[in-house]
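J.: coordinates only, no sequence provided:
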Ligand SMILES: Cc1cc2nc3c(=O)[nH]c(=O)nc-3n(C[C@H](O)[C@H](O)[C@H](O)COP(=O)(O)OP(=O)(O)OC[C@H]3O[C@@H](n4cnc5c(N)ncnc54)[C@H](O)[C@@H]3O)c2cc1C
Ligand SMILES: Cc1cc2nc3c(=O)[nH]c(=O)nc-3n(C[C@H](O)[C@H](O)[C@H](O)COP(=O)(O)OP(=O)(O)OC[C@H]3O[C@@H](n4cnc5c(N)ncnc54)[C@H](O)[C@@H]3O)c2cc1C
């Protein structure tokens, strides 16, 4: 089974600061890590490989420093790593990012499954995974919490929903995004760390990919950020106390009032 | 202090630190209470290739030396001395094969030990032969192409959990210390059973138990080195492993200091943080200084062994003696700094104190270490 895991390098802190003038993330002086959700994606990819054979390729788009994230993925069991890096990619929104990553995936040719984390801890959009599937025109299942069964041409997964879960069977190739319930990521191995130290990362730029330059980077990004703000915290709910009868009466009153 | 580690040693340190913090610290108290063998932690340590450190490359290891093992043991012990000793005792049981095993024995046993597929144990101690190891009564008498083992070993770390045991037994009762030999015994061999499992003060995540041999027949290929080499194998093994016990003590001491410093900064009495009292500050300073001195001694000794020097009995004994006495003192002081909270199981300080005590006792009590050091001093002076 050939698996591609898309990962993103993000700032360590969950409290990312935003430059109020440019409305972009301020990354200076913050340690970079692999997006926490992507750790589950890597782990699931490596587990599938260990079970069914094949290989795991990690893919990221980012500045040259993003190599560190790819190397860490190798120390955790990934076999190969590809970095999409070019000035032309700078300033990409989720549309341009998924367009570029999809072009990177096409370059890798043979694959059965693409795994992404549920969302990135800095942007929090959860759009890139679904975007890649759309650009590649392959099926997608989001919020996967369990892989039930893998067959030659199909896969059965369990998907988390707000109410419970769904079991979905799909043809391969498929793109899934995973939630943290899916596994417990391992710590690296010593041999993995040694391998990652020496690993050669394939770096691809615009000229290596089959892309329209107009779709790349800032100019390929339709998103216009008008304003960024922290939404007000949801106010605390009201707890109705008392005996069952009292509670029913109070609740009915509230419902009438709010109608 | 910067000890100028190689890239690989830094990797081992950081990896073990991560395992200790993320995987061991959260379960340490639970295993201390239940006194069950920590299978989940051992699997993580195995999957991270840490059992490969003390096995040569040609037999599936990474060919690391005593310093690598000391670094790993120290970092793991910082989170739990009990879980760390399950690991270190496997190294102890493996060393005789690495040091004295023949190629066939190495090919048969080392690859699985390096993977952590099975772990090892080392058995010399008997009810009536502790410090005086030459008093062992277990016999291994040759009969045709095999040996027949009879006797009881006790207080054996990893007993029952290990798949491979290095056992020291008398192959010739008439010869005293020169009549002892070392053997490899596999779990499951008919006539090899496990007796009492001890209920211990500390390192409770590790298993200490009795090994019972009743007409246990083992093939002659399982003899390590030659007949009569049992104590040479033991002494050379201990020379290699003592820095590891010292490193266990060092990790326990460091873990206790970490807890004490953190607590001292948080705890307020008399309207101030207790870290602002000079009485506390001086305690912390002495604790940290002794820890660093232990570390320097252990690393120097380990480097000396790794450089191929085999005359290390004195240095090895000094490292074990100093680091374990330091661990006992530092962990007791850590409990003191936590005051009444330090005495309670809800706080981690008292566990370090209980775990520290054993490091003054096993692999030669500290009295025996002093004997070794003194004997060496006197010999050197007599030359
Ligand atoms: C938790 C645990 C794990 C262990 N794991 C292993 C293991 O994996 N394999 C193994 O083979 N053994 C193991 N042991 C055994 C351990 O090495 C012995 O307990 C130790 O060597 C001391 O022997 P003893 O308990 O018989 O004490 P004794 O030898 O009876 O000593 C009692 C006291 O007398 C002192 N003493 C003895 N002789 C002298 C002397 N000549 N001069 C001055 N003082 C002296 C000692 O220092 C000690 O204070 C383990 C023990 C424990 C408690
Ligand atoms: C098993 C047990 C039974 C107990 N029974 C009782 C009981 O029956 N009744 C009762 O009232 N209490 C009881 N106690 C509480 C006990 O008296 C306190 O734990 C003790 O007074 C220490 O207080 P503390 O734990 O808050 O430590 P802290 O006062 O926080 O001390 C922490 C550390 O800071 C040091 N320190 C504090 N102030 C200074 C200073 N000015 N200069 C230098 N060092 C300082 C202390 O010496 C200690 O090392 C009991 C405690 C235990 C553990």
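T.: Now that the structure is in, tell me what you want to look at. For clarity, every value in this text was computed on a predicted model and none was experimentally measured. Ligands and ions are numbered 1, 2, ... in the order given.
J.: and the longest helix along chain A, does that touch chain B?
T.: Criterion DSSP state H: the longest helix present in chain A is helix A:36-52. No: applying C-beta under 8 Å from any C-beta of the partner chain, one finds helix A:36-52 separated from chain B by no less than 10.7 Å. Placement of C-beta: from N, CA and C, glycine included.
J.: and the angle for the next helix or strand after that helix with helix A:36-52?
T.: In the C-terminal direction, the helix or strand that comes right after helix A:36-52 (DSSP states H and E) is strand A:55-61. Relative orientation of strand A:55-61 versus helix A:36-52 (axes from the mean of the first three to the mean of the last three C-alpha atoms, to 10 degrees): 160 degrees.
J.: so what are the sheet partners of strand A:55-61 and their directions?
T.: Looking at strand A:55-61 with DSSP bridges, its partner strands are strand A:2-6 (parallel), strand A:80-84 (parallel).
J.: now do the last one: everything it contacts.
T.: Read that as strand A:80-84. A:55-62, A:64, A:66-67, A:70-71, A:73-74, A:100-101, A:103-104, A:107-108, A:199, A:201-205, A:209 (C-beta atoms under 8 Å, 6 or more residues apart in numbering or on different chains).
J.: which ones among the residues you listed are found in helices?
T.: Reading helices off those with DSSP H, I get A:67, A:70-71, A:73-74, A:100-101, A:103-104, A:107-108.
J.: on that earlier part again, quick one, which of the contacts of strand A:80-84 are buried?
T.: A:56-62, A:66-67, A:70-71, A:73-74, A:100-101, A:103-104, A:108, A:199, A:201-204, A:209 (16 or more other C-beta atoms under 10 Å in any protein chain shown).
J.: surely residue B:225 meets residue B:184?
T.: No: here residue B:225 lies out of contact with residue B:184, judged by C-beta atoms under 8 Å, at a distance of 11.2 Å.
J.: hang on, residue B:217 packs against residue B:148?
T.: Yes: using C-beta under 8 Å, residue B:217 makes contact with residue B:148 at a distance of 5.7 Å.
J.: and residue A:232, how many neighbours does it have?
T.: For residue A:232, the tally of surrounding residues (other C-beta atoms under 10 Å in any protein chain shown) stands at 6.
J.: er, residue B:291 actually
T.: Neighbours around residue B:291, by other C-beta under 10 Å: 21.
J.: for it, which non-adjacent residue is closest in space?
T.: residue B:253 (5.0 Å; C-beta to C-beta, 6 or more residues apart in numbering or on different chains).
J.: mind giving me the packing neighbours of the helix or strand residue B:333 falls within?
T.: Element membership for residue B:333, per DSSP H and E: helix B:313-337. Counting contacts by 3 or more C-beta pairs under 8 Å, 6 or more residues apart in numbering or on different chains; DSSP states H and E, helix B:313-337 is packed against helix B:230-266, helix B:278-306, helix B:339-342, helix B:349-357, helix B:366-382.
J.: tell me which residues of it are tucked away?
T.: So for helix B:313-337, counting by 16+ other C-beta under 10 Å, buried means B:313-335, B:337.
J.: quick one: that helix to chain centroid distance?
T.: Offset of helix B:313-337 from its chain centre (C-alpha atoms, centre = their mean, to the nearest Å): 14 Å.
J.: that one versus helix B:366-382: what angle between them?
T.: 140 degrees.
J.: quick one: is helix B:313-337 near ligand 2?
T.: Yes: interface with ligand 2: helix B:313-337 contributes B:336-337 (C-beta under 6 Å from any ligand atom).
J.: just to revisit the earlier point, now, among the ones in helices among the contacts of strand A:80-84, which is nearest to chain B?
T.: residue A:71 (12.3 Å; C-beta to the nearest C-beta).
J.: now do the helices in chain A.
T.: Using DSSP H, helices in chain A cover A:36-52, A:67-75, A:94-108, A:128-136, A:190-198, A:244-258.
J.: so what does the longest helix of chain A touch, helix or strand wise?
T.: strand A:2-6, strand A:55-61, strand A:113-117, strand A:140-150, strand A:174-178.
J.: quick one: closest of the helices and strands packed on helix B:313-337 to residue B:211.
T.: Of all the helices and strands packed on helix B:313-337, it is helix B:230-266 that lies closest to residue B:211, at 15.7 Å by C-beta to C-beta.
J.: strands paired with the following helix or strand past that closest one, and their directions?
T.: Downstream of helix B:230-266, the next assigned helix or strand under DSSP H and E is strand B:268-269. Strand B:268-269 has its sheet partners listed here by DSSP bridges as strand B:272-273 (antiparallel).
J.: tell me the SS of the nearest residue to residue B:42 once chain neighbours are set aside?
T.: Nearest residue to residue B:42 in three dimensions, chain neighbours excluded: residue B:86, at 5.9 Å (C-beta to C-beta, 6+ apart). The assignment at residue B:86 comes out as helix when based on DSSP: H, G, I helix; E, B strand; the rest coil.
J.: which residues touch residue B:86?
T.: Residue B:86 touches B:37-38, B:41-42, B:119, B:157-158, B:161, B:205-207, counting by C-beta under 8 Å, 6+ apart.
J.: so what does residue B:49 have for phi and psi?
T.: phi 70, psi 20 (degrees, to the nearest 10).
J.: the nearest residue to it once chain neighbours are set aside: neighbour count?
T.: Setting aside the residues directly before and after it, residue B:49 is nearest to residue A:190 in space (C-beta to C-beta, 6+ apart), at 3.8 Å. Neighbour count of residue A:190, defined by other C-beta under 10 Å: 23.
J.: ok, now residue B:186?
T.: 15.
J.: and residue B:146, how far from ligand 2?
T.: 57 Å (C-beta to the nearest ligand atom, to the nearest Å).
J.: which residues touch whatever residue of the stretch 51-200 of chain A ends up closest to ligand 1?
T.: Nearest residue of the stretch 51-200 of chain A to ligand 1 (C-beta to the nearest ligand atom) works out as residue A:190 at 25.1 Å. By C-beta under 8 Å, 6+ apart, residue A:190 lies in contact with B:11-12, B:15, B:48-50, B:52-53, B:62.
J.: hmm, 7 Å instead?
T.: The contact partners of residue A:190, taken as C-beta atoms under 7 Å, 6 or more residues apart in numbering or on different chains, are B:11-12, B:15, B:48-50, B:52, B:62.
J.: mind putting the residues you listed in a markdown table, neighbour count and distance to ligand 2 included?
T.: Listed next are the contacts of residue A:190 as a markdown table, based on neighbours: other C-beta atoms under 10 Å in any protein chain shown; distance: C-beta to the nearest ligand atom, whole Å:
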| residue | neighbour count | distance to ligand 2 |
| --- | --- | --- |
| B:11 | 20 | 38 |
| B:12 | 27 | 35 |
| B:15 | 23 | 35 |
| B:48 | 25 | 38 |
| B:49 | 22 | 42 |
| B:50 | 30 | 36 |
| B:52 | 25 | 43 |
| B:62 | 20 | 44 |
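J.: quick revisit: closest to ligand 2 out of the helices and strands packed on helix B:313-337?
T.: Between the helices and strands packed on helix B:313-337, helix B:339-342 lies closest to ligand 2; by C-beta to the nearest ligand atom that is 2.2 Å.
J.: quick one: average pLDDT of that closest one?
T.: Averaging pLDDT along helix B:339-342 gives 98.
J.: nearest to chain B: which residue in the stretch 51-200 of chain A?
T.: residue A:190 (3.8 Å).
J.: next one, pLDDT for that residue please.
T.: At residue A:190, pLDDT is 95.
J.: can you get me a residue count around residue A:225?
T.: Neighbours of residue A:225 (other C-beta under 10 Å): 11.
J.: ok, for it, nearest residue in space, not its chain neighbours?
T.: residue A:23 is the one closest to residue A:225 (C-beta to C-beta, 6+ apart), at 4.6 Å.
J.: that neighbour against residue A:228, yeah?
T.: Yes: counting by C-beta atoms under 7 Å, residue A:23 touches residue A:228, with 5.2 Å between them.
J.: low-confidence regions, the chain specifically.
T.: Went with chain A since none was named. A:13-16, A:27 (pLDDT under 70).
J.: thank you kindly, that will do.
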